[in-house]
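[1] Provide a 3D model corresponding to the input given below.
(one chain, ligands or ions: 1)
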Amino acid sequence: MLGLMQNWPMTVDKVIDHARDWHGGREVVSRSVEGPIVRTTYAQIHERAKRLSNALKALGVEQGDRVATLAWNTGRHIEAWYGIMGIGAVCHTLNPRLFAEQLCYIINHAEDRIIFTDLTFVPILKANLANIPTVKHIVVMTDEAGMKGVDLPGALCFETLIAQHGADCAWGGFDENSAAALCYTSGTTGHPKGVLYSHRSNFLHTLVTMGVDVLGISARDVVLPVVPMFHANAWGLALSCPAAGAKLVMPGQKLDGASVHELLETEGVTFSAAVPTVWLMLLTHLRETKGQLTTLKRVVIGGSAVPEAIVRGFGDEYGVDVTHAWGMTETSPLGTQATPNAAIAEMSEEAQLRFKLKQGRPPIMIHLKLENDAGDDLPHDGATFGKLKVRGPFVAAGYFRGDGGDILDDQGFFDTGDVATLDEHGYMQITDRAKDVIKSGGEWISTIEIENIAMGHPKAANAAVIGAYHPKWDERPLLLVQLKPGQDGTKDEFLAFLEGKIAKWWTPDDVVFVDDIPLGATGKIDKKLIRERMKDYVLPTAGAKVGA
Ligand code: ADP
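    Residues are numbered from 1 along each chain as shown. Model (predicted):
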């Protein structure tokens, strides 16, 4: 017997319809790429997105066609998203931090027909136009005045397209399982692979992440997504904020501590989300300038493990609550968040911190499990490491065009490539990426845990741990430290700092001071590059006799 409720396909155009109808006057404030602060509202965004949909149709875009964006977080970028997705085209977010060769590979693989770009990226596109033959039009997200500086024959002007087309355009009306958006993972091995979200998966992710134990977005919030729309969809904030009626503050291309701080204060931001490096920059700026945070209440940090020093810094010095989250492009992206459950909320602050530093527990619609290499389930005892697998309606079932083959196991779980523990409260802790974990004498050592402790050393600007070859143990940990400017450090003082905080046999065999710790396109430590740089390095202990 079927239920007797209305059929209402969950397509994301309904999110911005809702924002227009019930939060139409709520502001979206952007630091424009041209410089000035620009103010608009959800009602205006809705209308301009509709005009853009008509412009896309006039340019020949049909349902299922891929239309890309190469852009910072701004109101115009949101208009492009809804304009594209509303007519059933697929919004493909391109990450400008990728090398040109990878960008071209992705554009060709997706067969993008149109690219919306900010002024910033016109030169990259111009230099590579001959290598992206499927692209028929480039739309520069500026006005006619901005176009004056654009040296790209045939480029279209965003504001002119909007002015030329009416707002009368039907959105939706297709299956909720239709593709809505496409985002490629950086592909640490092989080529990047495309994750193809559906309207339904985006809608469900929006509903789940709005929940109080996840991002907890309300109509009273003022939200600044530092996390870019091109990196795992800004964790869904361009959908969850209009759905909730929260004011949005879009930082454009200026993500340094001073610029972010200015917007946080002038716009009265209550909630923000970013990767740890951004928060570290902000903390440094605040300390240097004796700045204050008068409205910010909560920040969510994910993408890489959050160091204890950040949680304590924001909490103790500025009264801002930091919540740790984990996810990946394949999980839309939010998979877990470390909000306390009832038992943890009753613990002392120090005891709660132990859980805050974990990546957290899954919300509804995310199912996690741990497995060993033989495929056996592992206990949730907080100590046993295993492969982290995930299943749910906003988790990828396969990559675009079948790349990577069948990615689900026989129970429908996706292997995240992360190694993790799960504890008795259901809190997951990432030990490492499977390819980074150090295998020493048959046992595993977590590089993330050592890094996070080392980063708490007052002289450390950044730290990374990799496995270095050892004749007896296969691999031993090597700690690389980038010191803060003007600091001197010794191996012994860093090893002494780790003592008692990690198991003795996890102690790095050596500490090397480096000028920089390279970060990849999504702001994470680029271990592949570090391993490449250190390929000729020999541990001082590696000369030890085998069996000694
Ligand atoms: P990539 O950076 O590889 O393109 P994602 O942005 O999708 O792709 O990254 C997902 C990966 O980032 C996860 O599988 C995990 O290894 C890592 N990650 C994400 N959040 C956290 C976190 N809070 N702590 C540790 N690692 C994290």
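
[2] who in the stretch 201-350 of the chain is up against the ligand?
    Counting by CB under 6 Å from any ligand atom, the positions of the stretch 201-350 of the chain adjacent to the ligand are Ala232, Gly302, Gly303, Ser304, Ala305, His324, Ala325, Trp326, Gly327, Met328, Thr329, Pro333. C-beta here means a position set from N, CA and C on the backbone, and glycine is covered the same way.

[3] Okay, and the beta partners of Ser252?
    Not quite, residue 252 is Gly, not Ser. Asn73 (DSSP bridges).

[4] right, and it touches Arg76 too?
    No. Contact between Gly252 and Arg76 fails when scored by CB atoms under 8 Å: they sit 10.0 Å apart.

[5] Can you show me the strands along the stretch 151-300 of the chain?
    Using DSSP state E, counting those that start in this stretch, the strands of the stretch 151-300 of the chain run over residues 156-157, 179-185, 193-198, 222-225, 247-250, 271-274, 298-301.

[6] Is it possible to get CSV of those strands that adds mean neighbour count?
    Listed next are the strands of the stretch 151-300 of the chain as CSV, based on neighbours: other CB atoms under 10 Å:
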stretch, mean neighbour count
strand 156-157, 18
strand 179-185, 24
strand 193-198, 22
strand 222-225, 24
strand 247-250, 26
strand 271-274, 26
strand 298-301, 23
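
[7] could you dump those strands to CSV with mean pLDDT?
    Formatted as CSV, those follow (pLDDT from 0 to 100):
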stretch, mean pLDDT
strand 156-157, 98
strand 179-185, 97
strand 193-198, 97
strand 222-225, 98
strand 247-250, 98
strand 271-274, 97
strand 298-301, 97
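
[8] what's the closest of these to Glu47?
    strand 247-250 (16.5 Å; CB to CB).

[9] Tell me which residues are up against the closest one.
    With CB atoms under 8 Å, 6 or more residues apart in numbering as the test, strand 247-250 has contacts from 26-31, 72-75, 77-78, 221-225, 237-238, 241-242, 263, 267, 269.

[10] strands paired with that strand, and their directions?
    Strand 247-250 is paired, per DSSP bridges, with strand 27-31 (parallel), strand 222-225 (parallel).

[11] Specify the next element, helix or strand, located C-terminal of the first one.
    I take that to be strand 27-31. strand 37-41 (DSSP states H and E).

[12] What residues sit buried inside that following strand?
    Val38, Thr40, Thr41 (16 or more other CB atoms under 10 Å).

[13] so who does the closest residue to Ser198 other than its chain neighbours touch?
    Excluding the flanking residues, the one nearest Ser198 by CB to CB, 6 or more residues apart in numbering is Asn177, at 5.0 Å. Asn177 sits next to Ser198, His199, Arg200 when contact means CB under 8 Å, 6+ apart.

[14] Next one: the last one relative to Met5, how far apart?
    Using CB to CB, to the nearest Å, one obtains 16 Å as the distance from Arg200 to Met5.

[15] Who has more neighbours out of those two?
    Here Arg200 and Met5 are set side by side on neighbour count (other CB atoms under 10 Å), and the busier one is Arg200, at 19 against 6.

[16] Check the gap between the spatially closest residue to the more buried one that is not a sequence neighbour and Arg433 for me.
    Nearest residue to Arg200 in three dimensions, chain neighbours excluded: Glu176, at 4.1 Å (CB to CB, 6+ apart). Between Glu176 and Arg433 the computed distance is 33 Å (CB to CB).

[17] ok, those two, which is more surrounded?
    In terms of neighbours (other CB under 10 Å), Glu176 is the more surrounded of Glu176 and Arg433; the figures are 20 against 16.

[18] how about the more buried one, what does it touch?
    Counted by CB under 8 Å, 6+ apart, Glu176 has contacts Pro9, Met10, Thr11, Ser198, His199, Arg200, Phe203.

[19] Give me the contacts around stretch 329-336.
    Everything outside stretch 329-336 that qualifies as a contact, by CB under 8 Å, 6+ apart, is 183-185, 195, 197, 201-202, 205, 208-209, 214-215, 232-233, 235-236, 302, 325-328, 359-363, 366, 368, 390, 392, 394-396, 414, 416, 427-428.

[20] Now intersect those residues with the helices, please.
    Among the contacts of stretch 329-336, DSSP state H puts Ser201, Asn202, His205, Val208, Thr209 in helices.

[21] contacting residues for the residue nearest to the first one when sequence neighbours are not counted?
    The shortest distance from Ser201 to any non-neighbouring residue, by CB to CB, 6+ apart, is to Phe394 (4.2 Å). Taking CB under 8 Å, 6+ apart, we find Phe394 in contact with Tyr197, Ser201, Asn202, Leu204, His205, Val208, Thr331, Ser332, Met365.

[22] ok, so of the residues you listed, who is nearest the ligand?
    Thr331 (7.9 Å; CB to the nearest ligand atom).

[23] For Asp436, see how far away that closest one is.
    On the measure of CB to CB, Thr331 and Asp436 end up 19 Å apart.

[24] picking up where we left off before, distance to Leu408 added to the strands paired with strand 247-250, as TSV?
    Putting the strands paired with strand 247-250 into TSV (distance: least, CB to CB, whole Å) gives the following:
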stretch	distance to Leu408
strand 27-31	38
strand 222-225	30
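
[25] how's the protein carved up into domains?
    1-203, 436-533 (automatic domain parsing).

[26] Good, we can wrap up now.
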